[in-house]
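Chemist: Sequence unavailable; structure follows:
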C-alpha cells in the first residue's frame, strides 16, 4: 500500500475506539466525516484551528481566554444524573416544560443541557412511572410532573 493510505489506516485505527463509543451509526459517520475533513485540511497545510490533530500539541494546552483550575479534571454530571437528583427534590411537585427544566439545570446545577438531551431521559422516567407526562393545552407542549 502507498504511504498516505498506510498513514490514513493508522489514524483510523487510533480514532476507532472513540468513534465506536457512539451508539448511533449516524453519529459515527458524522464524526468520521468531520475528522477526515479536518485531517485533509491539516495535510494541505491549512492547519490553523486543527492543532488537536498534531501529536506535538499538548493535551493540557491553554489559550489566552481559557484557563484551567483544579476542578477542570472533574467531569460535570450528565443529564440522567441531574434529572434523578431533581426527582429527589420538590422540583417536580409542579409541572415543568422541557425548556424550563433545562433552564433550571443551567441555573442550579451549572449544566447547560439542550432540550433534545433531556427529552429522551424524561420520556424514560415517565415510562418508569417516576414522572407523569402531560400535554399543556395552552401551548400544546409536554410538561412533566412528579408522581407522589
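Modeler: Good, I have the coordinates. As the structure is a prediction and not an experimental result, all values here were calculated from the model.

Chemist: average pLDDT across the lengthiest helix in the chain?
Modeler: Across the chain, the longest stretch assigned as helix under DSSP state H is helix 25-44. Model confidence over helix 25-44, given as mean pLDDT, is 76.

Chemist: Now the element after it, going C-ward?
Modeler: Scanning forward in sequence from helix 25-44, with DSSP states H and E defining helices and strands, the next element found is helix 79-87.

Chemist: helices or strands next to the helix or strand that that next one is followed by in the packing?
Modeler: Along the chain past helix 79-87, the next helix or strand (assigned with DSSP H and E) turns out to be strand 96-97. Taking 3 or more CB pairs under 8 Å, 6 or more residues apart in numbering; DSSP states H and E as contact, the helices and strands that strand 96-97 lies on are strand 142-146. In short, each C-beta sits where N, CA and C put it, glycine included.

Chemist: which helices and strands sit right next to the strand it packs on?
Modeler: Packing partners of strand 142-146 (3+ CB pairs under 8 Å, 6+ apart): strand 96-97, helix 98-109, helix 115-127, strand 131-135.

Chemist: So which of those is nearest residue 80?
Modeler: Distance to residue 80, taken as CB to CB, is lowest for helix 115-127 among these, at 5.3 Å.

Chemist: so what's the residue nearest to residue 111 when sequence neighbours are not counted up against?
Modeler: Excluding the flanking residues, the one nearest residue 111 by CB to CB, 6 or more residues apart in numbering is residue 105, at 4.8 Å. Applying CB atoms under 8 Å, 6 or more residues apart in numbering, one finds that residue 105 lies in contact with 79, 82, 86, 111-113, 118.
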